[in-house]
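# let's see this in three dimensions:
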Amino acid sequence: YHVGRESNSTYDETLNGVQKVRTHNHIFPGFVDPYIEPGNRQSGILPGVHDGDPGEEFSGDHRVQAYCYRMCLTDVDENKIEFAKPDGYDELHYELLFRNFEAGENRIPWLPGAMPNRKTDTNNRWGFSTNHINVNYE
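All right, here's what the predicted structure looks like:
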C-alpha cells in the first residue's frame, strides 16, 4: 500500500501526483479571495484554504484523499427529514462557498447519482463541495 499522494514516477503512471494544471473538475469558476477579510492577507485565510504551494506538477506528497461526506437524499416526501443546523455551526466555514457563487459559479456543488427508490448517492463536485479538504493531512 502507499500512504499519501503518489508521484507519476513512483509506479510509472500518468494520472496521479499534484495536478495544478491538468485538473478540471475541482476548480473555482473565477478568482475567489481566500482571506477572511477580502483583500487583507493579515486577516488570515478562510477555513479549507491551503496557504502553501501544493508542490511540483505530478509530484507526490504526504497528503491523503480528502474526507468526503456523501449524502443519501430523496424527493419522496414521506422519506424526507429536515437538515438540522449542527452544534457548533460557524458560517465562516461556508464563506468559501458563498464567494464561489459570487465569483460566478452557477452549478449545484454536488453530484447526485441515481439509486433505487427515488434516492441519490450524492458525492462532491466542482470547486467547493462535500469534501472536507485539509483536515486529515496530519
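# going forward, measure contacts and count neighbours with C-alpha atoms only.
Noted.
# helices or strands up against the helix or strand of the chain with the lowest mean pLDDT?
The weakest-scoring helix or strand in the chain, judged by mean pLDDT, DSSP states H and E, is strand 131-132 (a mean of 80). In terms of contacts (3 or more CA pairs under 8 Å, 6 or more residues apart in numbering; DSSP states H and E), strand 131-132 is packed against strand 67-68.
# adjacent strands (with direction) for the strand it packs on?
Here strand 67-68 is paired, per DSSP bridges, with strand 131-132 (antiparallel).
# identify the residues contacting the strand it pairs with?
The contact list for strand 131-132 (CA atoms under 8 Å, 6 or more residues apart in numbering) reads 48, 66-69, 124.
# show residues contacting stretch 3-14.
So stretch 3-14 is contacted by 15-18, 58-65 (CA under 8 Å, 6+ apart).
# let's see 6 Å
Stretch 3-14 is contacted from outside by 16-17, 58-64, using CA atoms under 6 Å, 6 or more residues apart in numbering.
# right, and V18 touches D53 too?
No. The pair V18 / D53 is not scored as a contact, 10.3 Å apart, by CA atoms under 6 Å.
# show me the strands in this protein, by range?
Per DSSP state E, the chain carries strands over the ranges 67-68, 71-74, 110-115, 119-124, 131-132.
# returning to what we had before: ok, V18 and D53, which is more surrounded?
A count of neighbours by other CA atoms under 10 Å puts V18 above the other of V18 and D53, at 20 against 7.
# contacting residues for the more buried one?
57-59.
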